[in-house]
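J.: Mind folding the following:
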Amino acid sequence: MKALNEKIADFKDVLALPVAQKNIVRTTFNLSQKGHDAIGEIADTLNKKNAEVFEVMIEIFNKIGNDLPLSSTDAENKTRKTYVIDKKTLSAINKASEKSKIPRDTLIDNLAQNVKIIIELLSSEKDKKYTDVLKKIINPFWIEAEKIEKTLIKELGDDDPVVNRFGLIIVIIMNLAGAIENYLNNGVAINPDDFSQQ
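T.: Numbering: from 1, shown residues only. A predicted model of the protein is given here:
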């Protein structure tokens with residue numbers, strides 16, 4: 001498990017694989033409901049199509065397949081669902097299945113659930129960093145900026161252009177703090193170009 005944890009940081013690039021025109025095929029996987037749900041959740045979290053999720057999963061398997069915990073699910077609890085995926089990805093899945101001697105559907109079922117966990121781990125690390133940055137850096141900076149603004153008003157008056165421009169800086173800091181809180185509480189992505197986002 002330690003080896004797996006050490007490699008998780010490498011997945012940030014894999015999870016951001018570019019979208020390209022693909023040679024797509026339809027294929028049916030017989031997976032547990034958790035497996036099907038995990039594919040949908042990964043797609044939603046990464047804002048990717050299901051076809052791209054399979055590409056991400058097989059890329060992760062190629063990097064750390066031996067470290068992933070694999071288990072078989074009861075055949076009675078599985079459901080069949082057809083997915084559209086890239087032909088090369090399907091070929092890679094079949095090769096990985098043969099090489100590892102794991103049935104294709106079992107491999108995908110486990111990969112989907114494991115990749116979902118990896119994404120949750122990466123997300124929780126980011127959440128912790130954002131919480132720390134907000135508490136230790138952004139909010140203290142905002143408080144200090146407001147103190148400076150009061151000093152500037154005292155020295156220059158509240159109609160001075162320097163005071164007005166400095167006020168805009170405070171609004172940007174305030175909006176950034178709000179955007180971080182909105183991300184942490186509601187999962188709303190922070191837009192780097194929208195200074196009015198809260």
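
J.: any weak-confidence spans in this protein?
T.: 1-22, 66, 69-76 (pLDDT under 70).

J.: ok, now with 90
T.: Along the chain, segments meeting pLDDT under 90 span 1-24, 42-51, 59-78, 97, 99-102, 110, 114-115, 117-127, 182-198.

J.: Quick one: the strands in it, in order.
T.: For the chain, the strands defined by DSSP state E cover 24-32, 78-86.

J.: could you dump these to TSV with mean neighbour count and distance to residue 103?
T.: For every residue, glycine as well, the C-beta is placed using N, CA and C. Shown next, in TSV, are the strands of the chain (neighbours: other Cβ atoms under 10 Å; distance: least, Cβ to Cβ, whole Å):
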stretch	mean neighbour count	distance to residue 103
strand 24-32	17	9
strand 78-86	15	11
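
J.: Compile the ones you listed into TSV and extend it with columns for distance to residue 140.
T.: Below are the strands of the chain laid out as TSV (distance: least, Cβ to Cβ, whole Å):
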stretch	distance to residue 140
strand 24-32	48
strand 78-86	48
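
J.: closest one to residue 184 among those?
T.: Closest to residue 184 of the strands of the chain is strand 24-32 (Cβ to Cβ; 31.4 Å).

J.: Quick check: residue 43 touching residue 54?
T.: No - contact criterion Cβ atoms under 8 Å: residue 43 and residue 54 do not qualify, at 9.9 Å.

J.: neighbour count winner among the two?
T.: It is residue 54, of residue 43 and residue 54, that has more neighbours when counted by other Cβ atoms under 10 Å, with 27 against 17.

J.: what residues are up against that one?
T.: 39, 83, 85, 86, 89, 90, 93, 108 (Cβ atoms under 8 Å, 6 or more residues apart in numbering).

J.: and which of the residues you listed is nearest to residue 190?
T.: Closest to residue 190 out of those is residue 39 (26.3 Å), distances taken as Cβ to Cβ.

J.: Now for the closest one, how many residues are close by?
T.: Neighbour count for residue 39, taken as other Cβ under 10 Å: 25.

J.: Report the distance from stretch 118-125 to the chain centre.
T.: 7 Å (Cα atoms, centre = their mean, to the nearest Å).

J.: And for stretch 131-148?
T.: 26 Å.
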